[in-house]
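Undergrad: predicted model and sequence below, questions to follow.
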Amino acid sequence: MLPADVEALFTRQDGSYLCARWGRPIVPIVFGVEDATLSVIKGAFEALCALSGHKMAETDPELGANVMVFFFRDWAELRGVPDLDRLIEGLDPMIARLEATGANQYRVFRFDETGAIKAGFVFLRMDKAMAAQPAEELALSQVLQVMLLWSESAFASRSPLGRLEDGRVVLRPEIGGVLRAAYDPVMPPVARDPSHALRIAARAGLTGQA
């Protein structure tokens, strides 16, 4: 992976660069899964927070839980979730758009006054493709995508995951390096200049720079 590849991970569809990380401890809550899957998802949050050096907490003073992960069979089910329309602006048009495109996942973020992430909402429609994924693989991929504000197409052509010889699914080393570098305390919580990608690449050991 080269610096240009890192830049592409955070380049939006309109050509602008934007990388944001969490500005507060993460407090996840998961809806629509059995206890066994719940423990796998929470384990993925714990693993990636440990990797990045970020913290988790029992409660968020403003929101209670600040990461909400929803598993469901049909987008229309979201219309019946109490108060979700108060958390997600434009919920009905969003659902209609996702139904029309046949999407099986979507993420919505909210930001604090500095632009750092303060809340994330992950919606997963369990179609055949989604349901075929092992729980560990699905959890690691989805938690990674809520840890940073990646571009819409960051992992469209290649999964961020790899598989070890013993069959375990892990983050690709270069993606783990990007995540860890983005959470380095000397790095800004929000960056809009592409030069930020050069700093990420250097700290992740993806260039010859010191």
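TA: It's in.

Undergrad: using the three-state scheme, assign L124.
TA: Secondary structure for L124, judged by DSSP: H, G, I helix; E, B strand; the rest coil, is strand.

Undergrad: same question, R107
TA: strand.

Undergrad: quick check, pLDDT for it.
TA: We have a pLDDT of 96 for R107.

Undergrad: neighbours of the residue nearest to it when sequence neighbours are not counted, how many?
TA: Distances taken as Cβ to Cβ, 6 or more residues apart in numbering put V122 closest to R107, at 5.3 Å, once the chain neighbours are dropped. Just so you know, the C-beta spots here come from the backbone N, C-alpha and C atoms, and that holds for glycine as well. Neighbours of V122 under the rule other Cβ atoms under 10 Å: 21.

Undergrad: so what sits opposite V122 in the bridge?
TA: V69, R107 (DSSP bridges).

Undergrad: from R73, how far out is it?
TA: Distance of V122 to R73, computed by Cβ to Cβ, to the nearest Å: 16 Å.

Undergrad: cool, and G43?
TA: Going from G43 to R73 by Cβ to Cβ gives 24 Å.

Undergrad: who has more neighbours out of these two?
TA: Just comparing G43 and R73: by other Cβ under 10 Å the higher neighbour count belongs to G43, 15 against 11.

Undergrad: what sits up against whatever helix or strand that one lives in?
TA: If you go by DSSP states H and E, G43 is part of helix 35-52. Helix 35-52 has contacts (Cβ atoms under 8 Å, 6 or more residues apart in numbering) with 26, 28, 30, 33, 55-56, 67, 69, 135-136, 139-140, 142-144, 147, 171, 176, 179-180, 182-183.

Undergrad: list only buried entries from those residues.
TA: Buried subset of the contacts of helix 35-52 (neighbour count, 16 or more other Cβ atoms under 10 Å): 26, 28, 30, 33, 67, 69, 135-136, 139-140, 142-144, 147, 171, 176, 179-180, 182-183.
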